[in-house]
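Chemist: sequence plus predicted model, see below.
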Amino acid sequence: MQGQPAHPDQRHGRAGRPGRQPVRVRGHPQPGGGRLMPHDLPGWGAVPTPAGEFRLGPVRLPADLALLAGWMNDPEVDAFWELAGPPEVTERHVRAQQDGDGRSLPCLGLLDGEPMSYWEVYRADLDPLAAHYPARPYDTGVHLLLGPAASRGRGLGAVLLASLAELILRRDPRCERVVAEPDVRNRRSVRAFERAGFRAAAELDLPGKRAALMVRDRADGPAAQAQLPA
């Protein structure tokens, strides 16, 4: 299950051409100021899931670069993230967020202590994405990719998305909604969000893609815990 990358203006596609026009524009000032969310997000600790103990940790460069670049060069990942190539491509993509204004946070997802996913958690209401849907203050967006091929296709994405959405809504009282905008062609991703308690609110014509706006409202109450198939 793959998400979509932040800051596609920082990356190059498989043919070496510039990436598509971004939804998020690094350095593009947005009204409202403030940081992404409490900056200790990776310190919120581990949460139990049907798949094991899950937590987020900050991406550390250069230590994590080889792992991330390896995932990005998997053709299934590259189909939607378009960050295949030498490690410098991935490094530029991650550093653009780390060196920015704190509105997008790149993280590694660890399951029982093992890194197995890459996440970008961002302030959707301070993002150019907000021009394409009725954003609310402190809307929090998420992108996800599952790195190891063995982690995909067995419901793990839904399990982790449900757990992270609940964690964000529980720990950040300012946030009323968690949102995502996967490419509508990425049916595996859309289904994972649906199983995680998100609803398909609209289809958006974004620069470079047509996206499904997926929304998880606090008012919906706790999502049913996504389960791995038997």
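Modeler: The structure has been received and is ready for your questions. It should be emphasised that the depicted structure is a prediction, and the values quoted were computed from it without experimental measurement.

Chemist: where do the strands sit along the chain?
Modeler: Here the chain has its strands, by DSSP state E, at 47-49, 52-58, 104-111, 114-123, 140-146, 177-180, 199-206, 209-217.

Chemist: mind putting these into TSV with distance to A158 and mean neighbour count?
Modeler: Heads up, the C-betas are built off the backbone N, CA and C, glycines and all. Formatted as TSV, the strands of the chain follow (distance: least, CB to CB, whole Å; neighbours: other CB atoms under 10 Å):
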stretch	distance to A158	mean neighbour count
strand 47-49	10	15
strand 52-58	12	17
strand 104-111	14	21
strand 114-123	13	22
strand 140-146	10	25
strand 177-180	12	26
strand 199-206	14	14
strand 209-217	12	20
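
Chemist: pLDDT below threshold where in the chain?
Modeler: Low-confidence regions of the chain, defined by pLDDT under 70, span residues 1-40, 42, 221-230.

Chemist: what about 50?
Modeler: Applying pLDDT under 50 to the chain picks out residues 6-34, 36, 38, 230.

Chemist: residue nearest the centroid of it?
Modeler: H143 (1.4 Å; CA atoms, centre = their mean).

Chemist: burial check on the closest residue to D74 other than its chain neighbours, number of neighbours?
Modeler: In space, and not counting its chain neighbours, D74 is closest to A149: 6.8 Å by CB to CB, 6 or more residues apart in numbering. Residues within reach of A149, counting by other CB atoms under 10 Å, total 11.

Chemist: what do you get for the one 10 residues further on?
Modeler: Using other CB under 10 Å, V159 has 23 other residues around it.

Chemist: how many neighbours does A150 have?
Modeler: Using other CB under 10 Å, A150 has 10 neighbouring residues.

Chemist: list the contacts for it?
Modeler: Listed by CB atoms under 8 Å, 6 or more residues apart in numbering, A150 has no contact partners.

Chemist: for P106, same thing?
Modeler: Going by CB under 8 Å, 6+ apart, the list of residues near P106 reads 58-59, 94, 97-98, 118-120.

Chemist: distance to L156 added to the residues you listed, as JSON lines?
Modeler: JSON lines is the format used below for the contacts of P106 (distance: CB to CB, whole Å):
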{"residue": "P58", "distance to L156": "22"}
{"residue": "V59", "distance to L156": "20"}
{"residue": "V94", "distance to L156": "23"}
{"residue": "Q97", "distance to L156": "24"}
{"residue": "Q98", "distance to L156": "26"}
{"residue": "Y118", "distance to L156": "14"}
{"residue": "W119", "distance to L156": "13"}
{"residue": "E120", "distance to L156": "18"}
